[in-house]
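> sharing a model that was predicted from the sequence below.
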Amino acid sequence: EVQLVESGGGLAQPGGSLTLSCAASGFTLGTYVMSWVRQALGKGLEWVSSIHSGGSTTTYASSVTGRFTTARDNVKNTLYLQMISLKPADTAVYYCAKGSLYEVSPFDSWGQGTQVPVSS
């Protein structure tokens, strides 16, 4: 059974940093395209970043480029999202999502999400 479990969320101050984790089980994370998606209260889903299978190619939404870094540890089967220079606009529930072997979407599995409020 495929499972994704996010952790690491919590209150952050503007300008602060936070690292989210997504522990995967039931599949080999490095074989698939993995993504981070977020949803702010009252808004739709926003794609944040993806890391492609095989190599380490990463892509980012323009709103987070230069501030967020996606990485994975294939030994721990875990996906990470390192966030720096956080802004109140980054406040959202963050989800990790599993794509296909070569494509970002459609996502076929999601985690339960972890909340990241950014406020002073």
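Looks like it came in fine. Numbers count the residues shown, from 1 in each chain.

> any idea how far residue 14 lies from residue 22?
24 Å (C-beta to C-beta, to the nearest Å). Yep, even glycine has a C-beta here, placed from its N, CA and C like the rest.

> so the residue most central in space within the chain is in which element?
With distances taken as C-alpha atoms, centre = their mean, residue 36 lies nearest the centre of the chain, 2.8 Å away. Following DSSP states H and E, one finds residue 36 within strand 34-39.

> C-terminal to that strand, what's the next element?
Next helix or strand after strand 34-39 toward the C-terminus (DSSP H and E): strand 45-51.

> so what touches that following strand?
Contacts with strand 45-51, where a contact means C-beta atoms under 8 Å, 6 or more residues apart in numbering, come from 33-40, 57-61, 63-64, 68, 70-72, 79, 81, 92, 94, 99, 104.

> same thing but at 10 Å, please
Residues from elsewhere that reach strand 45-51, judged by C-beta atoms under 10 Å, 6 or more residues apart in numbering: 29-30, 32-40, 57-61, 63-65, 68-72, 79-81, 83, 90, 92-97, 99, 103-105, 107.

> all helices for the chain, in order.
Taking DSSP state H, the chain contains no helices at all.

> under the pLDDT cut-off, which ranges of this structure? List them.
55 (pLDDT under 70).

> any chance you could map the strands in it?
Along the chain, counting by DSSP state E, strands occupy 3-7, 18-25, 34-39, 45-51, 58-60, 68-73, 78-83, 92-98, 109-110, 114-116.

> okay, the third one in PDB with CA atoms only?
So that's strand 34-39. What follows is strand 34-39, C-alpha atoms only, in PDB (Å, rounded to 0.1, in the frame of the first residue of the first chain):
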ATOM      1  CA  MET A  34       7.400  13.500  -6.700                       C
ATOM      2  CA  SER A  35       5.900  16.900  -6.000                       C
ATOM      3  CA  TRP A  36       5.000  19.400  -3.300                       C
ATOM      4  CA  VAL A  37       1.600  21.100  -3.600                       C
ATOM      5  CA  ARG A  38       0.100  23.600  -1.200                       C
ATOM      6  CA  GLN A  39      -3.300  25.000  -0.500                       C
END
